[in-house]
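In: Next one to model:
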Amino acid sequence: MSIALQCDHINKYFTEPQRFRVLNEVSFSINQGEFVSITGKSGSGKSTLLYILSTMDTDYEGALYIHEEQLSGKGQPVLAPFRNAHIGFIFQFHYLLPDFSCLRNVMIPALRAGRWGREEVEARAYEKLRLLGVEDQALKPASKISGGQQQRVAIARALINEPAIIMGDEPTGNLDSRNTAVVFDMFRKLTAEFNKTIITVTHDNDFAQRCDRIIEMVDGSIVST
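Out: Have a look, this model is predicted:
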């Protein structure tokens, strides 16, 4: 089984109001097709770690590899296109453009990547919306659909460039139990049928317990993997 992501001796410091270490010698690896949740109390460093793993935060010590490519030490001109091609990120809040249609919201990352023509991007966007069960909402403005539907559209957007790794920062944090179950089942399907790697930060113990593996953090350190 191939390793999708590996981090070695990751340390992270904040400097305000004074310098202190928020991540302490964090090391682990995640296999391709694995569904992993990172858990811990508020302030444990889990969201800080996720932003490093996603390459959005580059101010840290240590090494990060995704599909054996070392990404630590590289700048955003290299990391931004890598991220757009290989990582789908789902925020707790959907961050859809409210006046754009759901379809157009999903299409934007693929249009930016420039790998396919507009017609194919639109077809792929419809495919992702269908996968998430919201194809019938495609032409509605994002502001006119329910919160659960908005989050599913956001997941479709994260999938549009066929990323091998999908990361979520509390992706079900604003959802009710029914929509949380829908999203969990979709993540499970993505790992089982499409060999996607899922890495989520969550406070939801029930959600985490159903994943393949839990990485638990306490005060910036990994205490179990």
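
In: any idea of the mean pLDDT for the one helix or strand residue 51 maps to?
Out: Secondary structure here is read from DSSP states H and E; on that basis residue 51 sits in helix 46-53. Taken as a whole, helix 46-53 has a mean pLDDT of 93.

In: Of all the residues in that helix, which ones are buried?
Out: Within helix 46-53, the residues that count as buried by 16 or more other Cβ atoms under 10 Å are 46-53. From N, CA and C alone the C-beta is placed, and that goes for glycine too.

In: now residue 61: how far from residue 190?
Out: Separation of residue 61 from residue 190 (Cβ to Cβ, to the nearest Å): 32 Å.

In: For residue 183, which non-adjacent residue is closest in space?
Out: Spatially, and ignoring its direct neighbours in sequence, residue 183 is nearest to residue 172 (5.2 Å; Cβ to Cβ, 6 or more residues apart in numbering).

In: can you tell me how far the one you found sits from residue 64?
Out: As defined by Cβ to Cβ, residue 172 lies at a distance of 26 Å from residue 64.

In: What is the helix of greatest length in the chain packed up against?
Out: In the chain, assigned by DSSP state H, the helix with the most residues is helix 177-194. Taking 3 or more Cβ pairs under 8 Å, 6 or more residues apart in numbering; DSSP states H and E as the contact definition, the neighbouring helices and strands of helix 177-194 are strand 35-39, helix 147-159, strand 197-201.
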